[in-house]
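Q: here are the coordinates; sequence isn't available:
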Ligand SMILES: Nc1ncnc2c1ncn2[C@@H]1O[C@H](COP(=O)(O)OP(=O)(O)OP(=O)(O)O)[C@@H](O)[C@H]1O
Ligand SMILES: O=c1[nH]c(=O)c2[nH+]cn([C@@H]3O[C@H](COP(=O)(O)O)[C@@H](O)[C@H]3O)c2[nH]1
Ligand SMILES: NC(=O)CC[C@H](N)C(=O)O
Ligand SMILES: [Mg+2]
């Protein structure tokens, strides 16, 4: 029987903390569906969402200020358990009649809190239990703290500098922690969240890959009926998982278009066709558009200009393929939850445009297709798990991201076929050596960049005057910041030797040791 995996869910109210997404992921890891909403969500919407428990997250502001965010009153009137984390705890305290003060100890980082009493949230959860008491290793990040608890609350944990480090009203099931259970530095953090979600809020762990797939299949079928669906398939993680999912849900009502723009990695197109068309029986049209793309890119060397040209040409090719297929009413996309959250944040913020990311989202209105976005509620790790459960090859599901403009932004300046061909060979050698040495999965993204400058070398007894390439490998969690990967010298040496010895057009290999910021991951 199909489980209603959204029946039991946790609402997370966001006060602007950088950790709010992490809380949502932790809740999902525990097996329970959660959504993040802004702190000023209306009472009506909160009641309609019908959460089994509510988490008030952290935030950069101070509850002591008059014009700062508060939780909607309804949160404390619904009879469901509420957990306040940091700012969330502080606003809970203030709204229920307690006091918050700016302390002269700004605490940032590791702390040890002493657990006191027998509150439900922390009962039996402990890192160290000895003659000095029961202690938890936690991570703190705050300037304010609760100085007086509201009526009905009792103390759950304390430190020397933060006398009210956790508090609870077990009767009403209101809990507050000054530390951050969502970060891994809080060793028992996951256990504490699990206690809140599973035991205190009574949620079952229904959010599993198999249940998610069953649910998405039914929902896709409901949405599209007997209509035809078109999907842009890049071979990247998100669109591949959408392809596998839609194939399961609607079989040959799905047609995928794979655009070979001449800016792909070596054998990429053949791999996509082999995986999807041959092995999985998915209908995939391969649009050979190398000449078109390279033609349009001729003479253009400005990075932003190149991105725009590539984006527009994509739409052109895609549009042409869509028109050829008759009666397509739906366009599928691999939009995932962070995209949704980030674009909501982007609407309110004033972030600078550093690079305009390519997307098929800019398709012309007159295509009049309805969007199908089955992964909209999922984080990347969940997308990967359902990809594996759908039978996609592990290597495809766990591959590094590959940007839409592809090699177009990894060939600096003007893009030429000659350069792309050389780059593909060098990149293939780098990838092969990364896999062989076990480093592919230890870094989060790696590639080769083509530099259109010539350098002198000596190969055998001859002089070589050829191009330069740079190897790039980074470690990152969110791709917003990144550290250059400290690959072993022997590995870099092997890659460099193989590239220079086997590719005639390259005379020199460099290794990129720039972190982000101030550099970006891609070179353009
Ligand atoms: N070569 C291509 N052919 C067809 N569609 C493409 C191609 N490249 C990108 N797209 C479309 O653009 C969307 C956005 O690309 P993007 O690279 O962000 O995601 P992805 O390739 O699915 O996943 P990943 O983030 O792992 O690379 C893809 O989901 C896909 O629908
Ligand atoms: O789909 C994409 N279309 C793009 O236009 C694009 N530009 C950068 N990237 C990827 O985004 C991450 C961060 O890259 P940067 O540090 O270079 O901005 C890295 O993972 C980049 O590969 C893109 N992905
Ligand atoms: N991390 C937080 O939620 C911080 C809360 C509040 N801004 C403080 O400094 O105490
Ligand atoms: Mg991609």
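A: It's in. Quick caveat, the model's predicted, so the values are computed rather than measured. Ligands and ions are numbered 1, 2, ... in the order given.
Q: Can you tell me the centre-most residue of this protein?
A: residue 380 (4.9 Å; CA atoms, centre = their mean).
Q: Just give the nearest non-adjacent residue to that one, would you?
A: Leaving out its chain neighbours, the residue that sits closest to residue 380 by CB to CB, 6 or more residues apart in numbering is residue 336, at 6.3 Å. (C-beta placed from N, C-alpha, C; glycine too.)
Q: What residues does that neighbour make contact with?
A: 238, 375, 376, 378, 379, 380, 383 (CB atoms under 8 Å, 6 or more residues apart in numbering).
Q: surely the residue nearest to the centre of the chain meets residue 237?
A: Yes. With contact defined as CB atoms under 8 Å, residue 380 counts as touching residue 237 (7.3 Å).
Q: Show me the shaky parts of the stretch 401-524 of the chain.
A: In the predicted model, the stretch 401-524 of the chain carries no residue with pLDDT under 70.
Q: Show me where it has its strands.
A: Under the criterion DSSP state E, counting those that start in this stretch, the stretch 401-524 of the chain contains strands at 445-459, 462-475, 483-484, 506-511.
Q: wait, which of those strands is closest to ligand 1?
A: Taking CB to the nearest ligand atom, strand 445-459 is the member of the strands of the stretch 401-524 of the chain nearest to ligand 1, at 10.2 Å.
Q: is the closest one up against ligand 2 anywhere?
A: Yes. Interface with ligand 2: strand 445-459 contributes residue 445 (CB under 6 Å from any ligand atom).
Q: what sits against the residue of the chain found nearest ligand 4?
A: Closest residue of the chain to ligand 4, CB to the ion: residue 236 (2.9 Å). By CB under 8 Å, 6+ apart, the contact list for residue 236 reads 334, 399, 401, 402.
Q: Filter the residues you listed down to the ones in helices?
A: Secondary structure from DSSP state H places none of the contacts of residue 236 in helices.
Q: Need the max-distance pair from those.
A: 334 and 399 (13.9 Å; CB to CB).
Q: ok, these two, which is more surrounded?
A: residue 334 (24 against 18; other CB atoms under 10 Å).
Q: got the contact list for the residue nearest to residue 179 when sequence neighbours are not counted?
A: Spatially, and ignoring its direct neighbours in sequence, residue 179 is nearest to residue 138 (3.6 Å; CB to CB, 6+ apart). By CB under 8 Å, 6+ apart, the contact set of residue 138 is 110, 111, 112, 113, 165, 179, 180, 181, 185, 186, 187, 189.
Q: did I read that right, residue 138 in a strand?
A: Yes. Under DSSP: H, G, I helix; E, B strand; the rest coil, residue 138 falls within a strand.
Q: Numbering from 23 from now on, please.
A: Done: numbering now begins at 23, and the last item shifts to residue 160.
Q: That one bridge partners, please.
A: Per DSSP bridges, the residues bridged to residue 160 are residue 133.
Q: pLDDT value on it, please?
A: Here, the pLDDT recorded for residue 160 equals 96.
Q: Equivalent analysis for residue 378, please.
A: 53.
Q: repeat for the one 4 residues further on
A: We note a pLDDT of 49 for residue 382 in this prediction.
Q: One more: residue 389?
A: So residue 389 comes in at 58 (pLDDT).
Q: ok, the residue in the stretch 323-472 of the chain positioned nearest to ligand 1 - contacts?
A: At 3.6 Å from ligand 1, residue 356 is the closest residue in the stretch 323-472 of the chain, using CB to the nearest ligand atom. By CB under 8 Å, 6+ apart, the contact list for residue 356 reads 258, 259, 260, 261, 263, 264, 395, 397.
Q: tally of neighbours for residue 52?
A: By other CB under 10 Å, the residues close to residue 52 number 20.
Q: tell me the contacts of residue 280?
A: Shown in contact with residue 280 (CB under 8 Å, 6+ apart): 254, 255, 256, 257, 291, 294, 295, 306, 307, 308, 309.
Q: Establish whether the helix or strand where it lies and ligand 4 are in contact.
A: If you go by DSSP states H and E, residue 280 is part of strand 276-282. No. Using CB under 5 Å from the ion, strand 276-282 stays clear of ligand 4, coming no nearer than 11.5 Å.
Q: what about that strand, average pLDDT?
A: So the average pLDDT for strand 276-282 ends up being 95.
Q: State the paired neighbours of it in the sheet, together with their directions.
A: strand 250-254 (parallel), strand 305-310 (parallel).
Q: out of the ones you listed, which comes closest to residue 178?
A: strand 250-254 (50.0 Å).
Q: so what's the closest residue to residue 305 other than its chain neighbours bridging to?
A: Excluding the flanking residues, the one nearest residue 305 by CB to CB, 6+ apart is residue 277, at 4.8 Å. Residue 277 has these beta-bridge partners by DSSP bridges: residue 252, residue 305.
Q: Spit out the contact partners of residue 277.
A: 250, 251, 252, 253, 305, 306, 307, 347, 350 are the contacts of residue 277 under CB under 8 Å, 6+ apart.
Q: buried ones in stretch 113-132?
A: 113, 114, 115, 116, 117, 118, 120, 121, 122, 125, 129 (16 or more other CB atoms under 10 Å).
Q: ugh, typo on my part, it should be stretch 338-353
A: 339, 340, 343, 344, 350, 352, 353.
Q: In strands, which of the contacts of residue 160 appear?
A: 132, 133, 134, 135 (DSSP state E).
Q: Quick one: buried ones out of these?
A: 133, 135.
Q: Next, format the ones in strands among the contacts of residue 160 as CSV and append distance to ligand 4.
A: CSV is the format used below for the ones in strands among the contacts of residue 160 (distance: CB to the ion, whole Å):
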residue, distance to ligand 4
132, 38
133, 41
134, 44
135, 43
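Q: Show me the strands in the stretch 73-222 of the chain, by range?
A: 75-78, 104-107, 121-137, 150-152, 155-170, 176-180, 188-191, 196-199.
Q: Of the ones you listed, which is nearest ligand 3?
A: Here strand 155-170 is closest among the strands of the stretch 73-222 of the chain (CB to the nearest ligand atom), at 3.3 Å.
Q: residues near the spatially closest residue to residue 291 that is not a sequence neighbour, how many?
A: Computed as CB to CB, 6+ apart, the closest residue to residue 291 that is not its neighbour in sequence is residue 282, at 4.7 Å. Burial of residue 282 is recorded as 18 neighbouring residues (other CB under 10 Å).
Q: residues contacting residue 282?
A: Contact partners of residue 282, counting by CB under 8 Å, 6+ apart, are 291, 308, 309, 310, 311, 312.
Q: Can you pull the phi and psi angles for the closest residue to residue 541 other than its chain neighbours?
A: Once flanking residues are discounted, residue 541 sits nearest to residue 534: 7.9 Å by CB to CB, 6+ apart. For residue 534, the backbone dihedrals (degrees, to the nearest 10) come out as phi -80, psi 120.
Q: before we move on, the earlier item: which of the strands paired with strand 276-282 has the highest mean neighbour count?
A: strand 250-254 (a mean of 23; mean count of other CB atoms under 10 Å).
Q: right, is that one up against ligand 1?
A: Yes. Part of strand 250-254 sits near ligand 1 under the criterion CB under 6 Å from any ligand atom, namely residue 254.
Q: Touching that strand from outside, list them.
A: By CB under 8 Å, 6+ apart, strand 250-254 touches 261, 264-265, 268, 272, 275-281, 336, 340, 343-344, 347, 349-355, 382, 391, 394.
Q: now stretch 456-467
A: Looking at what lies outside stretch 456-467 - CB under 8 Å, 6+ apart - the contacts are 420, 422-423, 453, 468, 494-499, 501, 504, 507, 509-510, 513, 543.
Q: can you pull up the bridge partners for the residue nearest to residue 291?
A: residue 310.
Q: in this protein, which spans are helices?
A: 42-51, 65-71, 109-117, 211-216, 231-246, 259-272, 290-294, 312-319, 325-346, 359-370, 402-411, 416-419, 439-459, 511-524.
Q: how near is the residue lying farthest from the centre of the chain to ligand 1?
A: Taking CA atoms, centre = their mean, the residue of the chain most remote from its mean C-alpha position is residue 483, at 50.3 Å. Residue 483 sits 43 Å away from ligand 1, going by CB to the nearest ligand atom, to the nearest Å.
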